[in-house]
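S.K.: build the 3D model from these lines:
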Amino acid sequence: MSFCCFGKGRSANARDEAEDISAANNVRLFSYNELRSATRNFGAMNKVGGGGFGVVYKGILRDETQVAVKSLSAESSQGVREFLTELDMISNIRHPNLVQLLGCCIEGSSRMLVYEYLENNSLANALLGPKSRRIALDWPRRAGICMGTARGLEFLHEEAEPHIVHRDIKASNVLLDKDLVPKIGDFGLAKLFPDNVTHISTRVAGTMGYLAPEYAQFGQLTKKADIYSFGVLVLEIISGRSSTKAAWGEDLMVLLEWTWKMREEERLLDILDPELEEYPEEEVLRFIKVALFCTQAAAQQRPSMKQVVEMLSNKITFNEKMLTKPGILRNPDHSSKDTGSSSNSSQGHKGKRSTTNTYPNITSSNISSSPLSMTDVEPR
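M.R.: Residues are numbered from 1 along each chain as shown. Model (predicted):
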């Protein structure tokens, strides 16, 4: 099923494209006025999120259905054909851990997507946002969010036809419903891959702190780039710390780098969120190590999402001796004197957070030169 609507200002070709997709797939159409009314004229009080591709508003339709309306930015470079083709793809995606698209509107210069509304907003707000917006997340809930997100990403990579690379897996793109079930949203950056394509060079789009080195530096986009981002996300969920706004130690290490240092010092549990009072130590350590497997510098050494789900579920064991250093992007000129004094952070998870981005420019990377081989996993 696909969704669109169009106005009188569109060309005949655009209308034909929209009508063809609409007629073939029984689309639900939304008018601009309908969505304007639902969002109270796109009022500031109804704004619930935003990013580089648009602003999201909460809306209530005439039948009392709550929706999330994403008004795409006018700067979007997509043509009508690209937009409708993407919608055609998105509309066929159905999974408990993916946000459902309900419809769209293309009217005049406006382009909007209408999604199901998720009561608890994003994981970024629930876990990393201001204290007034945070939600108490015990270990079972955090583990459930990791697992649900992994299953949603596995579906995109392995079961969706054609396979989909999200390109921007991050905390703000993981939404939580009323029961805190995670759902991956924002497919505006998604790319499609037939089975015979191993990677594609493309304009880099994503969020610093989550970008795989090979993607950020060379534009090489594969499923492994998503897996890297997922690994960083897992570390955020476990530590309760942002990968883009925090730094630790005298060298102001980024979250992934600091986690690796804790592993070398056999202090992995030091990265845990201090608010986690009770947790199964063995399971937590397994999740952290899976995250490190996902963020290895050599993309070929990262597991597939199917393997990740099995590793998190403890259905397969993994050879920790095969684990290599993560690929870490940072500014080589970065030091405590140009980012903030060392008094702004201290060793260990009790250190204060720095609000300065520790890697504003991609100028070099610390990438392991380990030989390229697949992650060694063994059936349990």
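S.K.: what helix or strand does Glu266 sit in?
M.R.: Using DSSP states H and E, no element contains Glu266; it sits outside every helix and strand.
S.K.: from Ser239, how far out is it?
M.R.: Glu266 sits 17 Å away from Ser239 when distances are taken as C-beta to C-beta, to the nearest Å. Bear in mind the C-beta positions are built from the backbone N, C-alpha and C, glycine included.
S.K.: mind listing what the residue nearest to Ile135 when sequence neighbours are not counted touches?
M.R.: The shortest distance from Ile135 to any residue other than its chain neighbours is 4.2 Å, reached at Ala126 (C-beta to C-beta, 6 or more residues apart in numbering). With C-beta atoms under 8 Å, 6 or more residues apart in numbering as the criterion, the residues that contact Ala126 are 120, 133-135, 137, 176, 180.
S.K.: picking up where we left off before, Glu266 and Ser239: which has the busier surroundings?
M.R.: Higher neighbour count among Glu266 and Ser239: Ser239, with 22 against 8, using other C-beta atoms under 10 Å.
S.K.: residue ranges with poor pLDDT in the stretch 251-380 of the chain?
M.R.: In the predicted model of the stretch 251-380 of the chain, residues 251, 329-380 satisfy pLDDT under 70.
S.K.: show me which positions of stretch 159-178 end up buried.
M.R.: Along stretch 159-178, these residues count as buried under the neighbour rule (16 or more other C-beta atoms under 10 Å): 160, 163-176.
S.K.: which pair in those residues spans the largest distance?
M.R.: His163 and Leu176 (25.6 Å; C-beta to C-beta).
S.K.: show me where the stretch 151-300 of the chain has strands.
M.R.: All strands of the stretch 151-300 of the chain, identified by DSSP state E, counting those that start in this stretch, fall at 163-165, 174-176, 182-184, 191-193, 200-201, 220-221.
S.K.: which one of those has the lowest average pLDDT?
M.R.: Between those, the lowest average pLDDT goes to strand 191-193, which shows a mean of 43.
S.K.: can I have the buried ones of the contacts of Ala126 as a ChimeraX selection?
M.R.: In ChimeraX, the members of the contacts of Ala126 classed as buried (16+ other C-beta under 10 Å) are selected with the following command:
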select :120,137,176,180
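S.K.: which of the contacts of Ala126 fall in strands?
M.R.: When these are checked against strands using DSSP state E, the ones located there are Leu176.
S.K.: what's the farthest-apart pair in the contacts of Ala126?
M.R.: By the measure C-beta to C-beta, these have their two most distant members at Arg133 and Leu180, which lie 14.2 Å apart.
S.K.: for Leu285, grab the count of nearby residues.
M.R.: By the measure other C-beta under 10 Å, the count of residues near Leu285 is 15.
S.K.: give the contact list for the nearest residue to it once chain neighbours are set aside.
M.R.: With sequence-adjacent residues excluded and distances taken as C-beta to C-beta, 6+ apart, Leu285 is closest to Leu268, at 6.0 Å. Applying C-beta under 8 Å, 6+ apart, one finds that Leu268 lies in contact with 259, 262, 285, 288-289.
S.K.: of those, which is the most crowded?
M.R.: Across those, the neighbour count under other C-beta under 10 Å reaches its highest value at Thr259, namely 26 neighbours.
S.K.: what segments of the chain are helices?
M.R.: 12-25, 32-38, 80-91, 123, 139-154, 213-218, 223-239, 255-264, 281-294, 305-312, 336-339 (DSSP state H).
S.K.: nearest to Cys105, out of those helices?
M.R.: Between Cys105 and the helices of the chain, the shortest separation by C-beta to C-beta is 5.8 Å, and it involves helix 32-38.
S.K.: so which residues make contact with that closest one?
M.R.: By C-beta under 8 Å, 6+ apart, the surrounding residues in contact with helix 32-38 are 7, 42, 59-62, 67, 69, 105, 107-108, 110, 112, 114.
S.K.: for ChimeraX, what selects the buried ones among the residues you listed?
M.R.: To isolate in ChimeraX the members of those that are buried, counting by 16+ other C-beta under 10 Å, one can use:
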select :42,59,61,67,69,105,107,110,112,114
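S.K.: next step: the contacts of helix 32-38 restricted to strands.
M.R.: Using DSSP E, the contacts of helix 32-38 in strands are 59-60, 67, 69, 105, 107, 110, 112, 114.
S.K.: quick check, nearest of these to Arg302?
M.R.: Val114 (34.9 Å).
S.K.: what's across from that closest one in the sheet?
M.R.: Val69, Gly103 (DSSP bridges).
S.K.: what sits against it?
M.R.: Going by C-beta under 8 Å, 6+ apart, the list of residues near Val114 reads 3, 30, 35, 59, 67-70, 101-105.
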